[in-house]
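*Asks:* just coords:
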């Protein structure tokens, strides 16, 4: 009986209070942490899927727009004499049937004047007022004590807003004043001294300036019709073509034609189908990951409708379906190359216009948007504030932020629970220590009693 009492008083010995608190706290936190880990992983997967779909759509639209803007999908002009004439296509030009003959009879030139050799650019030129007349418009130039030098005169001409540029050119150890206007006969200029100007200044601008080149217009013949233009860059004679005149030669008839990028169009159309299907896959994966979001389905429907959307006003070929692109039962785009080849052979201008639509008074971005503009509209709508991908992305980010805050609150509660356990078991440990002391005392007394007996 006495032995049993002694043994029972030892119940508090050998308990690892610190490990006990850690095990209890872990047992409470672990399932909750695992749940939050799973939710965070799912949330991140949703965000990544939507971000991938967004990046694919953005890249798709940008790549197509770049091909169109660089002219890679439009007919380009050709020229028989590149030494005399350079040509380029204007935006949205249709040049498949370009055929013209150009004769450059005269280049546009700018009037230039120069002074005789003068000792220094800093020497005084005289004080007074000058009048610079350009095409009937006058510009006042004042030379006073603050700018009384050849440099001051040149600076005043450049600041006049007349279009005439003045420069100081070193020559044989001395300097010349050189004035140059803009090209074209209408830009001829004259510099004169007003009454009261110093004689030296008057002499410099009247008899001291020599005309080295007269202003003249460019004169060209296009299919026998003569045109005058004030610049050697001409954009308004041959529709859709910019001409850059290099050399005048009467009797040199330069042939203009065009080359159509048939291979580039075929490749782009095939690439369009491939990339479109990749984008559809990204949207499908995003939809499955997010859980069938309605805005993703709406975007998918917009892209699918692009196949049959009228992209130009052409009656025969105005959509992708007209050139052999169709959607199969699985929702994947496929290309009928036989139909595409037939469209390119029978109406190449209409096929080209799907990517490079013409622009004029009646054919605008609204009547003939073209594929790049139509795709841009879908992309811009999806990524705009409140758009399908933008709003979904923000919603998922907000969901992730809410989840992170919920986890922070859970962690705070678990830390508080651990603290309570530590406090409770610290008290228990103190009591066990007291019980052990009592136990030791009782054991000692029991031994004494036993010895006495």
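*Replies:* Perfect, thanks for sending it. Predicted model, so just to flag it, every value in this text is computed and none were measured.

*Asks:* tell me the secondary structure for residue 154?
*Replies:* Look at residue 154: counting by DSSP: H, G, I helix; E, B strand; the rest coil, its state is helix.

*Asks:* So which residues of the protein form helices?
*Replies:* Remark: helices assigned in the chain by DSSP state H are 2-8, 17-69, 150-158, 199-206, 262-290, 294-305, 337-346, 348-355, 370-383, 388-452.

*Asks:* among those helices, which is the most enclosed?
*Replies:* helix 348-355 (a mean of 22; mean count of other C-beta atoms under 10 Å). The way it works is simple: take the backbone N, C-alpha and C, and place the C-beta from them, glycine included.

*Asks:* Quick check: mean pLDDT of that helix?
*Replies:* Across helix 348-355, pLDDT averages out at 90.

*Asks:* Then stretch 137-148?
*Replies:* Averaging pLDDT along stretch 137-148 gives 94.

*Asks:* Next: stretch 445-453.
*Replies:* Stretch 445-453 comes out at a mean pLDDT of 78.

*Asks:* What of stretch 217-237?
*Replies:* On average, stretch 217-237 scores 96.

*Asks:* wait, what's in contact with residue 80?
*Replies:* By C-beta atoms under 8 Å, 6 or more residues apart in numbering, the contact list for residue 80 reads 254-256.

*Asks:* Out of these, which is nearest to residue 96?
*Replies:* Here the nearest of those to residue 96, counting by C-beta to C-beta, is residue 256; it sits at 13.0 Å.

*Asks:* re earlier: now, of the contacts of residue 80, which are buried?
*Replies:* Applying 16 or more other C-beta atoms under 10 Å to those, the neighbour count classes 254, 256 as buried.

*Asks:* Is it possible to get a markdown table of the contacts of residue 80 that adds pLDDT and distance to residue 340?
*Replies:* Listed next are the contacts of residue 80 as a markdown table, based on pLDDT from 0 to 100; distance: C-beta to C-beta, whole Å:
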| residue | pLDDT | distance to residue 340 |
| --- | --- | --- |
| 254 | 97 | 35 |
| 255 | 97 | 31 |
| 256 | 96 | 29 |
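
*Asks:* okay, the contacts of residue 80 in a markdown table with distance to residue 273 next?
*Replies:* What follows is those, written out as a markdown table (distance: C-beta to C-beta, whole Å):
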| residue | distance to residue 273 |
| --- | --- |
| 254 | 40 |
| 255 | 38 |
| 256 | 35 |
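
*Asks:* out of the helices of the chain, nearest to residue 168?
*Replies:* helix 150-158 (5.7 Å).

*Asks:* Contacts for that closest one, please.
*Replies:* Residues outside helix 150-158 that contact it (C-beta under 8 Å, 6+ apart): 118, 120-123, 125, 130, 132, 141-143, 146-147, 164-168, 175, 177, 179, 191, 204.

*Asks:* Can you go through these and name the buried ones?
*Replies:* If we count by 16+ other C-beta under 10 Å, these have these buried: 118, 121, 125, 130, 132, 141, 143, 147, 164, 166, 168, 175, 177, 179, 191, 204.

*Asks:* Farthest-apart pair in the residues you listed, please.
*Replies:* Longest span within those, C-beta to C-beta: 132 and 175, 20.4 Å.

*Asks:* Just give the nearest non-adjacent residue to residue 317, would you?
*Replies:* Computed as C-beta to C-beta, 6 or more residues apart in numbering, the closest residue to residue 317 that is not its neighbour in sequence is residue 350, at 3.8 Å.
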